[in-house]
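[1] the amino acid sequence is not available; the structure is as follows:
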């Protein structure tokens, strides 16, 4: 069982999967930074100049005592942060789509460049001729 696990863990698929997960995390961080720092300020400009991430619908205001200490925090629906997350998802999906499309295009070129060998029927015919002799 240990030998099977070693073969599994050192197999190409597991290593490729691990690399894909690490790359996806890195791409996700880059895209999140792009959306938060570049895209959302532009969107915020069209929504009144405020940061879009700060857009919210307040359900109940914060309660502050006489000394200025917050006794009950504000309760709000943070729809701006949610829209930021949706835009992140769309951009990550677009980047992944472009990567897969490029990979498939490259793979088709490799398959087209590979020389075609004899078909199964040709091999069977050759074997049959050898057996007849």
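    Yep, it's here. Every value quoted in this text rests on a predicted model; they were computed, and no experiment measured them. Numbers count the residues shown, from 1 in each chain.

[2] need the contact list for residue 15.
    Residues near residue 15 by C-beta atoms under 8 Å, 6 or more residues apart in numbering: none. For glycine as for every other residue, the C-beta is placed from the backbone atoms N, C-alpha and C.

[3] what is the burial count for the residue lying closest to residue 79 once chain neighbours are set aside?
    Distances taken as C-beta to C-beta, 6 or more residues apart in numbering place residue 55 nearest to residue 79, at 6.0 Å, with adjacent residues excluded. Residue 55: 20 surrounding residues under other C-beta atoms under 10 Å.

[4] residue 55 and residue 32: what is the separation?
    18 Å (C-beta to C-beta, to the nearest Å).

[5] got it, and residue 95?
    Residue 95 is 12 Å from residue 32, by C-beta to C-beta.

[6] low-confidence ranges, the chain, go.
    Scanning the chain for pLDDT under 70 picks out 9-12, 47, 49-51, 113-116.

[7] quick one: the longest helix along it to chain centroid distance?
    Ranked by residue count, the top helix of the chain under DSSP state H comes out as helix 79-113. Computed by C-alpha atoms, centre = their mean, to the nearest Å, the chain-centroid distance of helix 79-113 equals 7 Å.

[8] which strands and helices sit next to the very next helix or strand once past that helix?
    Sequence-wise, the next helix or strand downstream of helix 79-113 (DSSP states H and E) is helix 120-132. Helix 120-132 sits against no helix or strand, with contacts defined as 3 or more C-beta pairs under 8 Å, 6 or more residues apart in numbering; DSSP states H and E.

[9] could you give me the buried positions within helix 120-132?
    Buried residues in helix 120-132, defined by neighbour count with 16 or more other C-beta atoms under 10 Å: none.

[10] for the residue lying farthest from the centre of the chain, give its distance to residue 125.
    Distance to the chain centre peaks in the chain at residue 133, reaching 59.5 Å (criterion: C-alpha atoms, centre = their mean). Using C-beta to C-beta, residue 133 is found at 13 Å from residue 125.
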